[in-house]
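> Sharing a model prediction with you, sequence too.
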Amino acid sequence: MNVDREQISKTINNAIENASTRAVRGEVASYIPELAKANPQKAGIAVTLSSGDTFGAGDFEDQSTIQSVSKVFTLAMALGTVGDGLWSRVGREPSGSAFDSILQLEHERGIPRNPFVNAGAIVVTDEILANYQPKEALGEIVRFARSLAQDDTIHIDKAVARSETQTGHRNRALANYLLSFNNLRNEPDLTLGVYYHQCALSMSCAQLSRAGRFLAFGGGLGTGGAQIVAKKRAKRIAAIMLTCGHYDGSGDFAYRVGVPAKSGVSGMILAIVPNVASIAVWSPGLDKQGNSLIGTQILEEVVEALDWSIF
Ligand SMILES: NC(=O)CC[C@H](N)C(=O)O
């Protein structure tokens, strides 16, 4: 595996340069009005190695909400408190359907397919609320993200959280449906309030790639760093990222890029190259499955050039 610093820098700069010439950039998410303001011309990438050294190119220091990438962090937190008991409330199979789909919930008696579709992530957040009041739960989520990235400036973008609270009709439907199957313990609005705020965690690619490092390095913060989750747990979270991280685009992403990754509707993607690097990319234009169009192309190019695919 290639960890030549000069080559990493050259590769990510080339990929950003190539991305800047592309005319087709996807559509920014508009169902959350605040996200519709994003500029699809933006594109950034950051790569963090085991040492913590981070290389960036393009708009890698711009802040964006991380949206569904936050589901990786809440999954790690919930597994930390309830352990494998979580799997009685949520599955771990790819859904083959859109991130906000309700269809499978009816046939599968309120057990969401996996923790990365919205219904599954709402259950995970509901599980975190077993141990905390909503404000405390949010505080814990922010604290976790800050400690992973070793950056105390990470915060929640309240305008985005508010915007989603106003237009999150589908998520409200999902939460109520879960409740009807006794798979939600808290009031739907209460769990959703925490969920919207976790999705509105605001980070740059540099911060996100640092925060994802524990998943790339056996659950620990790289060379000399603290152990965050057990090695086995990190492996399992990465496995679910590979199979479910891009919803009904997960197969195509694995085929094209070939590393575990989690996307968010803001155009953020966190990708894991086991024992090599953690990568965050951002470009707000999305493909039909709601995954970053340019971000995926950048990752495809970088992973190929550095021979970083797990396959
Ligand atoms: N795919 C996503 O990033 C979805 C997250 C978004 N907050 C939602 O619930 O709709």
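Received, thanks.
> quick one, strands of the stretch 1-150 of the chain?
In the stretch 1-150 of the chain, the segments counted as strands under DSSP state E, counting those that start in this stretch are 44-49, 54-58, 64-65.
> Can you add mean neighbour count and distance to the ligand and give these back as CSV?
Just so you know, the C-beta spots here come from the backbone N, C-alpha and C atoms, and that holds for glycine as well. Shown next, in CSV, are the strands of the stretch 1-150 of the chain (neighbours: other CB atoms under 10 Å; distance: least, CB to the nearest ligand atom, whole Å):
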stretch, mean neighbour count, distance to the ligand
strand 44-49, 27, 18
strand 54-58, 22, 21
strand 64-65, 28, 8
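> Would you mind putting these into JSON lines with mean pLDDT and distance to residue 208 alongside?
As requested, these are exported to JSON lines (pLDDT from 0 to 100; distance: least, CB to CB, whole Å):
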{"stretch": "strand 44-49", "mean pLDDT": "98", "distance to residue 208": "7"}
{"stretch": "strand 54-58", "mean pLDDT": "98", "distance to residue 208": "10"}
{"stretch": "strand 64-65", "mean pLDDT": "98", "distance to residue 208": "9"}
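> nearest to residue 303, of the ones you listed?
Proximity to residue 303 (CB to CB) singles out strand 44-49 among the strands of the stretch 1-150 of the chain, at 10.7 Å.
> And that closest one, what does it pack against?
In terms of contacts (3 or more CB pairs under 8 Å, 6 or more residues apart in numbering; DSSP states H and E), strand 44-49 is packed against helix 5-20, strand 54-58, helix 205-211, strand 277-282, helix 293-305.
> Turn these into a markdown table, columns for distance to residue 311.
Formatted as a markdown table, the helices and strands packed on strand 44-49 follow (distance: least, CB to CB, whole Å):
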| stretch | distance to residue 311 |
| --- | --- |
| helix 5-20 | 19 |
| strand 54-58 | 24 |
| helix 205-211 | 22 |
| strand 277-282 | 16 |
| helix 293-305 | 10 |
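> Point out the most buried one among the ones you listed.
strand 277-282 (a mean of 30; mean count of other CB atoms under 10 Å).
> give me phi/psi at whatever residue of the stretch 101-250 of the chain ends up closest to the ligand?
Nearest to the ligand, among the residues of the stretch 101-250 of the chain, is residue 199, at 3.6 Å (CB to the nearest ligand atom). Here is the backbone geometry of residue 199 (degrees, to the nearest 10): phi -70, psi -30.
> Hmm, residue 161 and it touching each other?
Yes - look at residue 199 against residue 161 with CB atoms under 8 Å: they come within range, at 7.5 Å.
> right, and residue 50 touches residue 222 too?
Yes - taking contacts as CB under 8 Å, residue 50 lies within contact range of residue 222: 3.9 Å.
> Identify the contacts common to these two.
213, 216 (CB atoms under 8 Å, 6 or more residues apart in numbering).
> Could you look up the SS state of residue 197?
Here residue 197 takes the helix state, with states given by DSSP: H, G, I helix; E, B strand; the rest coil.
> Now do the contacts for the nearest residue to it once chain neighbours are set aside.
Of all residues not flanking residue 197 in the chain, residue 161 sits nearest, at 4.7 Å (CB to CB, 6 or more residues apart in numbering). By CB under 8 Å, 6+ apart, residue 161 lies in contact with 196-197, 199-200.
> Tell me the most packed of these, by neighbour count.
residue 199 (29 neighbours; other CB atoms under 10 Å).
> what's the pLDDT at the closest residue to that residue other than its chain neighbours?
Computed as CB to CB, 6+ apart, the closest residue to residue 199 that is not its neighbour in sequence is residue 67, at 4.8 Å. In this model, residue 67 is scored at 98, pLDDT.
> can you check the one 5 residues further on too?
Here, the pLDDT recorded for residue 72 equals 98.
> Pairing partners for the closest residue in space to it that isn't next to it in sequence in the sheet, please.
Leaving aside its sequence neighbours, residue 72 sits nearest to residue 262 (CB to CB, 6+ apart; 4.9 Å). Note on residue 262: beta-bridge partners by DSSP bridges are residue 270.
> Any idea how many residues pack against residue 262?
Neighbour tally, residue 262, other CB under 10 Å: 30.
> Next one: it from residue 17, what distance?
26 Å (CB to CB, to the nearest Å).
> same check, this time on residue 189
Relative to residue 17, and taking CB to CB, residue 189 is found at 46 Å.
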